[in-house]
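Novice: Here is the input, now give the coordinates:
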Amino acid sequence: MYKLLILIFSIITLSSFGQQNDKSGQFGGPISTITTNKLGTSISFGGWGTFIMKGDFQAGIYGQISTSIISKSPEHIDYSHYQIKNRFTGFWLGYYQSFEAHPNIHLSYFSKFGFGSVFIDDINTSTTIYDKSFSITPSIESVFKIFPFMHIGLGVFYEIHTGVNLLEYSSKDFNTMGLSISFRFCPKG
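Specialist: Residues are numbered from 1 along each chain as shown. Sure thing, here's the model as predicted:
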C-alpha cells in the first residue's frame, strides 16, 4: 500500500511538470485490467502516467496490484484454498498515434516492464508464499477523447512473467491475455 501511495504521488507530481508542453498525449490516471489464464480470472488496479514525451514517443511509470484469482481452474483444485495475486511497479515505453480525420481518436502502442512479486496466500494457515518476478506487457489501446482534459482508453495486452517458481506454479501459469480500461487525465487536452 505504501508503494502504491508513493507511485500515485509521483504520477501527480510528474504530470504537473508536463503542463508546460502543449502536446496532446501526456497524462496521468488510473488503469484497470481483467485477465484470464489457466489458473482463472482476476482483476487488477493501478495507476500510470508519462514523465517523458518526445514527439509521439512516450515514457512513463506505472504500478498495479491484482485481486485474488476470481474463478479457479479445476486443474488446480488441490490449491483451491489459496489466493493468488501479483503486484508490479515499473516503467513503460510507447508510441502515440493521432489521426487527422478523427482528432478525438488515437492509438497507443506501448510495453510495460515491471518488477514485482507473485503471491500465494494460504487462507487456512494465514501463510503467504511469494516469488519475485519480472513482467513484460506489450499492449495496444484505442484512446477516445471524452473531454479536453479526460481520455478513456480501451486496450488488449499479453502479460509475460519470468522467474516464477511457487509450489507447482511456474511463469507459464501466470502468462495471460487481458483487456484494459484506462482513464487519462491530460493537462492540455
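Novice: low-scoring stretches of this structure, by residue?
Specialist: 1-25, 69-81, 188-189 (pLDDT under 70).
Novice: So residue 101 versus residue 55, what's the distance?
Specialist: 20 Å (Cβ to Cβ, to the nearest Å). All C-beta atoms are positioned from the backbone trio N, CA, C, and that covers glycine.
Novice: Ignore what I typed, I meant residue 62.
Specialist: Distance check for residue 62 against residue 55: by Cβ to Cβ, it reads 21 Å.
Novice: And these two? Which one has more around it.
Specialist: Between residue 62 and residue 55, counted using other Cβ atoms under 10 Å, the more crowded position is residue 62 (22 against 9).
Novice: list the contacts for the closest residue to the more buried one other than its chain neighbours?
Specialist: Once flanking residues are discounted, residue 62 sits nearest to residue 48: 3.6 Å by Cβ to Cβ, 6 or more residues apart in numbering. Going by Cβ atoms under 8 Å, 6 or more residues apart in numbering, residue 48 touches 11, 28, 29, 31, 60, 61, 62, 63, 92, 182.
Novice: Do a quick rundown of the strands in the chain.
Specialist: Ranges of strands within the chain are 28-37, 40-54, 57-66, 71-72, 82-98, 105-122, 127-147, 150-162, 165-166, 169-170, 176-185, based on DSSP state E.
Novice: one step back: can you redo the contacts of residue 48 as a markdown table with distance to residue 118?
Specialist: Below are those laid out as a markdown table (distance: Cβ to Cβ, whole Å):
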| residue | distance to residue 118 |
| --- | --- |
| 11 | 24 |
| 28 | 27 |
| 29 | 26 |
| 31 | 19 |
| 60 | 23 |
| 61 | 21 |
| 62 | 17 |
| 63 | 15 |
| 92 | 20 |
| 182 | 23 |
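Novice: and which of those is nearest residue 160?
Specialist: The shortest gap between residue 160 and any of those belongs to residue 92, at 14.1 Å (Cβ to Cβ).
Novice: Just grab the bridge partners of that closest one for me.
Specialist: Under DSSP bridges, the beta-bridge partners of residue 92 are residue 60, residue 112.
Novice: partner residues bridging the spatially most central residue of the chain?
Specialist: What sits nearest the mean C-alpha location of the chain, by Cα atoms, centre = their mean, is residue 64, with 5.5 Å. Counting by DSSP bridges, residue 64 forms beta bridges with residue 46, residue 88.
Novice: show me the contacts for it.
Specialist: By Cβ under 8 Å, 6+ apart, the neighbours of residue 64 are 31, 33, 44, 45, 46, 47, 87, 88, 114.
Novice: Can you tell me, leaving aside adjacent residues, what's nearest to the second one?
Specialist: The reference is to residue 33. residue 180 (4.5 Å).
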